[in-house]
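K.L.:
Structure, please.
(one chain, ligands or ions: 2)
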Amino acid sequence: MTERDLIEQIQDLACYEGEGLVQGIGDDCAVVEKDQRNVWLLTMDTLIESVHFDCSWHPPYLLGCKAVSVNVSDIAAMGGRPVFALLSLGLPADFTPEWAVELSRGINDACRQYGCLLIGGDTVCSPEKVTLTLTLIGETKKDRVLYRHAACIGDTIWVSGSLGYAAAGLDCFRSGNVVGMPPEYPSELAPCIKAHLDPEARVDLARSLAQTSCIHAMMDLSDGLATDLSHLCQQSRVGAIIKAEKLPGRRGLAPAASLLNKKRSDWMLAGGEDYELLFTADPKDSQTIMDIAARQGLRVSPVGTVIAGQGVTLQRKTTEGYEEQHISFQGFDHFARN
Ligand code: ADP
Ligand code: MG
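P.N.:
Ligands and ions are numbered 1, 2, ... in the order given. Okay, the predicted model is just below:
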């Protein structure tokens with residue numbers, strides 16, 4: 001059973017009749033009415049040692065920041081702003097106080113940076129591994145929430161930033177090619193290493209995009225473009241065509257790709273933890289979108305088109321024309337090998 005099958009089964013059994021519930025399982029956050037005009041956005045993400053991070057290369061301060069960022073990213077994905085956080089911390093009995101203090105500093109600094117308050121949580125002894133679970137509560141205007149299910153046929157598909165950097169950074173560490181703590185890494189690998197150790201949630205970009213009313217569907221990229229776009233398409237009951245040459249980040253991935261002898265497109269399509277925004281909009285609004293990103297010094301790239309049908313197809317230019325490949329759900333799945 002895959003992670004997706006398991007979530008679908010949980011979703012099938014869940015009840016959707018709760019008072020004030022606007023959106024239950026299935027999007028980046030649950031959406032609950034706050035008052036007549038505003039909604040709460042609720043999300044939870046877990047980081048587990050040896051699955052999401054490794055203490056031998058992840059400085060505890062940056063780990064604390066990352067735990068906050070990956071959750072804030074889901075609030076941003078719905079167009080919201082983070083307000084409150086709750087932290088559940090599981091630590092093995094032999095943790096060092098210095099490590100725990102650095103972790104707490106990272107969590108607190110990141111909360112402050114994103115403008116949210118840590119208001120509670122739980123602390124337990126874990127048999128072996130460190131676990132970090134954050135619940136984030138955000139808010140936004142009810143008519144500004146951006147969902148996964150609103151993509152329209154003919155929309156342009158956009159991504160912010162670069163793709164695959166975090167997966168490449170993780171592979172650099174896993175391969176043993178990168179050791180030590182910052183700033184000892186080779187500088188050409190720094191963008192990929194930073195993306196893995198210290199991702200940034202795109203709150204300001206997402207908020208500005210949500211204000212324009214030109215974005216149809218949005219989510220964040222946590223499991224790789226191939227999988228996350230498949231979710232967006234499934235929920236919008238549409239298909240998608242992605243153009244390989246439009247995927248952003250090829251140049252930045254080159255040093256890691258030659259060091260590890262890996263294909264850049266694998267990281268860009270199936271690498272997890274990008275925490276960039278994936279969104280769709282009418283092609284007539286392209287200039288507005290590019291202007292918003294430019295004002296924030298961020299890159300946004302049109303990578304494909306929403307089409308009738310289902311699934312995600314990758315188009316690659318060849319000497320004879322185009323070659324097509326189905327790539328639906330080829331990203332990270334926790335139970336893919338089950
Ligand atoms: P994301 O990558 O945006 O965090 P996930 O793929 O983890 O989203 O989850 C997809 C949806 O399924 C979300 O709405 C999430 O809240 C829900 N979900 C995931 N795991 C569970 C679970 N164990 N119980 C209830 N809902 C879950
Ligand atoms: Mg998400």
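K.L.:
neighbours around the closest residue to Leu47 other than its chain neighbours, how many?
P.N.:
Computed as C-beta to C-beta, 6 or more residues apart in numbering, the closest residue to Leu47 that is not its neighbour in sequence is Leu132, at 4.5 Å. Placement of C-beta: from N, CA and C, glycine included. Neighbour count for Leu132, taken as other C-beta atoms under 10 Å: 25.
K.L.:
for the helix or strand encompassing Leu132, packing partners?
P.N.:
Per DSSP states H and E, Leu132 falls inside strand 131-141. Applying 3 or more C-beta pairs under 8 Å, 6 or more residues apart in numbering; DSSP states H and E, we find strand 131-141 packed against strand 38-48, helix 60-77, strand 81-91.
K.L.:
Compare the ones you listed and give me the one nearest ligand 2.
P.N.:
Of all the helices and strands packed on strand 131-141, it is helix 60-77 that lies closest to ligand 2, at 4.4 Å by C-beta to the ion.
K.L.:
Please compute how far that closest one lies from its chain's middle.
P.N.:
Distance of helix 60-77 from its chain centroid, counting by C-alpha atoms, centre = their mean, to the nearest Å, is 10 Å.
K.L.:
tell me the most buried of the helices and strands packed on strand 131-141?
P.N.:
Among the helices and strands packed on strand 131-141, ranked by average contacts under mean count of other C-beta atoms under 10 Å, first place goes to helix 60-77 (a mean of 26).
K.L.:
Could you confirm whether it reaches ligand 1?
P.N.:
Yes: contact of helix 60-77 with ligand 1 (C-beta under 6 Å from any ligand atom) involves Asp74.
K.L.:
Give me the packing partners of that helix, helices and strands only.
P.N.:
Checked by 3+ C-beta pairs under 8 Å, 6+ apart, helix 60-77 has strand 38-48, strand 81-91, helix 97-114, strand 131-141, helix 203-212, strand 215-220 packed alongside it.
K.L.:
Can I get the longest one in PDB, CA atoms only?
P.N.:
Below are the C-alpha coordinates for helix 97-114, written out as PDB (Å, rounded to 0.1, in the frame of the first residue of the first chain):
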ATOM      1  CA  PRO A  97      21.200  20.000  26.200                       C
ATOM      2  CA  GLU A  98      23.300  22.100  23.700                       C
ATOM      3  CA  TRP A  99      21.700  20.400  20.800                       C
ATOM      4  CA  ALA A 100      18.200  20.900  22.200                       C
ATOM      5  CA  VAL A 101      18.800  24.600  22.900                       C
ATOM      6  CA  GLU A 102      20.000  25.200  19.300                       C
ATOM      7  CA  LEU A 103      17.000  23.400  18.000                       C
ATOM      8  CA  SER A 104      14.700  25.600  20.100                       C
ATOM      9  CA  ARG A 105      16.500  28.700  19.000                       C
ATOM     10  CA  GLY A 106      15.900  27.700  15.400                       C
ATOM     11  CA  ILE A 107      12.200  27.100  16.000                       C
ATOM     12  CA  ASN A 108      11.800  30.400  17.800                       C
ATOM     13  CA  ASP A 109      13.700  32.500  15.300                       C
ATOM     14  CA  ALA A 110      11.800  30.900  12.300                       C
ATOM     15  CA  CYS A 111       8.500  31.500  14.000                       C
ATOM     16  CA  ARG A 112       9.500  35.200  14.600                       C
ATOM     17  CA  GLN A 113      10.700  35.500  11.000                       C
ATOM     18  CA  TYR A 114       7.300  34.200   9.600                       C
END
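K.L.:
From Glu33, how far out is Pro97?
P.N.:
Going from Pro97 to Glu33 by C-beta to C-beta, to the nearest Å gives 43 Å.
K.L.:
okay, those two: which has more neighbours?
P.N.:
The neighbour count for Pro97 versus Glu33, taken as other C-beta under 10 Å, is higher for Glu33 (14 against 7).
K.L.:
surely that one meets Gly20?
P.N.:
Yes: counting by C-beta atoms under 8 Å, Glu33 touches Gly20, with 4.0 Å between them.
K.L.:
What about Pro283, how many residues nearby?
P.N.:
10.
K.L.:
That one is in contact with Thr156, isn't it?
P.N.:
Yes: when contacts are counted by C-beta under 8 Å, Pro283 is listed as touching Thr156 (4.9 Å).
K.L.:
just the strands in the stretch 201-338 of the chain please.
P.N.:
Residue ranges of the strands in the stretch 201-338 of the chain, as given by DSSP state E, counting those that start in this stretch, are 215-220, 239-243, 277-281, 300-307, 311-317, 322-326.
K.L.:
looking at the ones you listed, which is closest to ligand 1?
P.N.:
strand 215-220 (6.3 Å; C-beta to the nearest ligand atom).
K.L.:
so how far is the closest one from its chain's centroid?
P.N.:
That offset, for strand 215-220, works out to 12 Å (C-alpha atoms, centre = their mean).
K.L.:
Let me know the average pLDDT across that strand.
P.N.:
For strand 215-220, mean pLDDT rounds to 98.
K.L.:
Does that strand reach ligand 2?
P.N.:
Yes: judged by C-beta under 5 Å from the ion, strand 215-220 and ligand 2 are in contact via Asp220.
K.L.:
Which other helices and strands does that strand contact?
P.N.:
Applying 3+ C-beta pairs under 8 Å, 6+ apart, one finds that strand 215-220 contacts helix 60-77, helix 203-212, helix 225-236, strand 277-281.
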